[in-house]
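1. Pasting a predicted model and its sequence here:
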Amino acid sequence: MNLQERGIQALFFDYGGTLDSPGIPWREHFYSIYQRHGVKVPMDLFARAFYASDDSLVAENPVHMNLTDIVMEQVKRVLKHLGLYDSSLQKIIASSFLKDSFEHIDRAKGVLSRLGQNFRLGIISNNYGNLENICRETGLDSLMDVMVDSNAVGCIKPDPRIFEAGIKALKVDASSSMMVGDSHARDIKGALNCGMAAAWLVPAGRSGIAGPGQEEVPVIHGLQELHALLGIQVPAGS
């Protein structure tokens, strides 16, 4: 059964790596920016600093922070973990990441606006507890019917409960819902295990071939490809 025959009613999106970049997760996106600005550390060392920063923020549940706040703080903690903290470098790296994110989100909003004419929309994100503030700052809140934050519901993807929270909020069936995300392990596997459909967002130029134990799902290289995948006609030139 293809997606059009399935009668999809609701689309759920991951946030980081899906709505704010073309399938590139935060760690990878950040690493390229750090490298560009002279922080030449091996990826394994950077990854440890990145996840230490991430975990400490999750533990603090910073619900008051918006996207700008959380990115500034994340960068500060990474640089301190690496022993390279400098306030000017923090601002340069954070500003570069935010510029990329806002530009990509602004492009994504046009796609989401058209999809919202045919489907109910939501975000299901492993986040810090401040997803609603992030969406308010970026303007995504006006396009979403529900925003599910892992720190608010107490579980992270691929735990089925976080997907069920979104489905329940929109009063739809799992079988008529679809998850769009950049992580096969978290977004795709988690959604499929709940009975949802899924589409895997993979950066252009990458194969998106499922590995051992990974289910085959439609692969897209940009959110605009969802229109054709779901049988939505888009006026020429839009």
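-> Sure thing, it's come through. Numbers count the residues shown, from 1 in each chain.
2. Every contact and neighbour count from this point should use C-alpha atoms.
-> Noted.
3. what sits up against the host helix or strand of Leu11?
-> According to DSSP states H and E, Leu11 maps onto strand 10-13. By CA atoms under 8 Å, 6 or more residues apart in numbering, the residues outside strand 10-13 that reach it are 19, 119-125, 166, 170, 172, 176-181.
4. Which residues belonging to that strand are considered buried?
-> In terms of neighbour count (16 or more other CA atoms under 10 Å), strand 10-13 has its buried residues at 10-13.
5. as a whole number, average confidence for that strand?
-> The average of the pLDDT scores along strand 10-13 is 98.
6. re the thing from before, now the buried residues of strand 10-13 in TSV, with distance to Ser95?
-> Putting the buried residues of strand 10-13 into TSV (distance: CA to CA, whole Å) gives the following:
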residue	distance to Ser95
Ala10	34
Leu11	30
Phe12	28
Phe13	24
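7. From those, pick the one nearest Tyr85.
-> Phe13 (33.7 Å; CA to CA).
8. Next step: the contacts of strand 10-13 restricted to helices.
-> 166, 170 (DSSP state H).
9. Among the contacts of strand 10-13, which ones are in strands?
-> 120-125, 177-181 (DSSP state E).
10. that older thread, adjacent strands (with direction) for the strand holding Leu11?
-> Strand 10-13 sits in its sheet next to strand 120-125 (parallel), strand 177-181 (parallel), going by DSSP bridges.
11. out of those strands, nearest to Ile162?
-> strand 120-125 (7.2 Å).
12. So for the helix ranked longest in the chain, what gets flagged as buried?
-> If you go by DSSP H, the chain has its longest helix at helix 87-115. Within helix 87-115, the residues scored as buried using 16+ other CA under 10 Å are 89-90, 92-94, 97-98, 101-102, 104-105, 108-109, 111-115.
13. Reduced to three states, what does Arg77 come out as?
-> helix (DSSP: H, G, I helix; E, B strand; the rest coil).
14. other SSEs contacting the longest helix of the chain?
-> helix 26-36, helix 67-82 (3 or more CA pairs under 8 Å, 6 or more residues apart in numbering; DSSP states H and E).
15. of all the ones in strands among the contacts of strand 10-13, which comes closest to Val71?
-> The closest of these, once distances to Val71 are taken by CA to CA, is Ser125, at 16.0 Å.
16. Check the closest one and give its pLDDT.
-> 98.
17. pretty sure it contacts Val153?
-> No: if you go by CA atoms under 8 Å, Ser125 and Val153 don't touch, sitting 10.5 Å apart.
18. Next up, the contacts around Gly16.
-> 25-26, 125.
19. quick one: which of those is nearest Gly83?
-> Distances from Gly83 to the contacts of Gly16, taken by CA to CA, are shortest for Trp26, at 20.7 Å.
20. What strand or helix carries the residue found closest to Gln74 once you drop the neighbours it is linked to in the chain?
-> Distances taken as CA to CA, 6 or more residues apart in numbering place Ser53 nearest to Gln74, at 5.9 Å, with adjacent residues excluded. For Ser53, the element it lies in under DSSP H and E is helix 43-60.
21. Okay then, goodbye and thanks.
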